[in-house]
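Undergrad: model the structure of this input:
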Amino acid sequence: MSRRQRQRGRGQAGLTLIEVVIALAILALMMSLAWSTTSTTSRVKRSFEELQARAGEIRVSSARMVADVESAYLSNNEDSSWSDRRTRFIGKEEELEFSSLGHTALWANAPESEQTMIRYYLDNDREDSSMTDLYRFESRRLANEPGVKPPGQLDVLVRDVAGVRFQYWDWKDKEWQTSWSSSSNDAQPGRLPSRVMITVKVAPRGGDAGDEVEYTTQARLMLQERLNFFISE
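TA: Residues are numbered from 1 along each chain as shown. Below you'll find the predicted structure:
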């Protein structure tokens, strides 16, 4: 082999090595871009799933609250001088307690009826005190004896909420009220609001305070008049 042929062979080998290096660099860049795209897609997917799960949790809890509030009632068969009546509707901006006809007995021959007392309120999470939960308490029967707390069921409606707000439509004054009391003579004695607006404020898990979202729904109360029960002889 001549000297010129040997030099040509070394030049071709050198060019082949440069091509391999360039090809590896392009491959590394493409793999990096593919990994970045896959990672971003996976992160967006997880965020979207969390948002959907959160929205579903709010929808289910809101539907339950609407069903409860729409079955609220007051009875006329009570002593009007009692301050703590068996049937009542006491509402504040972040708390609501009312008598309802929506109870379902889960055990046969249980000493229960459809009448119940339901209460919504905010309190610390049982496992993580840094979180605030929206709770629902439902008693198994109505009672107003002093010092007697009827048995009931406590459920967590929504975990880790930023707040809840109840508003009450006064059909007489034609305006929303931030509080309601059917047992107080200087409030709304013996009557119910025609509608209740429920607003639950939550933040996506891991989000900032500025990411808070409000979910609002309304419940229309079916029974506006106090019920009278007559026993025929």
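
Undergrad: which parts of the chain are helices?
TA: 3-70 (DSSP state H).

Undergrad: in it, which spans are strands?
TA: 89-91, 96-100, 116-124, 132-139, 152-158, 161-170, 175-177, 180-181, 195-202, 213-220 (DSSP state E).

Undergrad: of all these, which lies closest to residue 24?
TA: strand 213-220 (47.6 Å; C-beta to C-beta). For every residue, glycine as well, the C-beta is placed using N, CA and C.

Undergrad: and the angle from that closest one to strand 195-202?
TA: 160 degrees (axes from the mean of the first three to the mean of the last three C-alpha atoms, to 10 degrees).

Undergrad: dump strand 213-220 to CSV, keeping only the CA atoms.
TA: Provided in CSV are the C-alpha atoms of strand 213-220 (Å, rounded to 0.1, in the frame of the first residue of the first chain):
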residue,chain,number,x,y,z
VAL,A,213,-61.3,27.8,44.3
GLU,A,214,-64.9,28.4,45.5
TYR,A,215,-67.7,25.9,44.7
THR,A,216,-71.2,27.3,45.2
THR,A,217,-74.6,25.6,45.2
GLN,A,218,-78.1,26.4,46.5
ALA,A,219,-80.7,24.3,48.3
ARG,A,220,-84.4,25.2,48.1
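
Undergrad: quick one: average pLDDT of that strand?
TA: Averaged across strand 213-220, pLDDT comes to 92.

Undergrad: other SSEs contacting it?
TA: When contacts are defined as 3 or more C-beta pairs under 8 Å, 6 or more residues apart in numbering; DSSP states H and E, strand 213-220 packs onto helix 3-70, strand 195-202.

Undergrad: between the first one and strand 152-158, how big is the angle?
TA: When you say that, I think you mean helix 3-70. Using the same axes, to 10 degrees, helix 3-70 lies at 140 degrees relative to strand 152-158.

Undergrad: can you pull out the low-pLDDT segments for the chain?
TA: The chain contains residues with pLDDT under 70 at 1-15, 79-84, 107, 111, 143-148, 204-210, 229-233.

Undergrad: flag every buried residue along stretch 177-184.
TA: Applying a neighbour-count criterion of 16 or more other C-beta atoms under 10 Å, one finds 177, 180-183 buried in stretch 177-184.

Undergrad: residues making contact with it?
TA: 74, 82-85, 88-93, 167-170, 187-193 (C-beta atoms under 8 Å, 6 or more residues apart in numbering).

Undergrad: ends of that stretch, how far apart?
TA: 15 Å (C-alpha to C-alpha, to the nearest Å).

Undergrad: how many other residues sit next to residue 154?
TA: 11 (other C-beta atoms under 10 Å).

Undergrad: from memory it sits against residue 140, does it?
TA: No - using C-beta atoms under 8 Å, residue 154 is not in contact with residue 140; the gap is 12.0 Å.

Undergrad: are any of the contacts of stretch 177-184 buried, and if so which?
TA: Buried among the contacts of stretch 177-184 (16+ other C-beta under 10 Å): 74, 85, 88-91, 167-169, 188, 191-193.

Undergrad: which pair in the residues you listed has the greatest spatial separation?
TA: Maximum distance among those (C-beta to C-beta): 23.1 Å, for 85 and 167.
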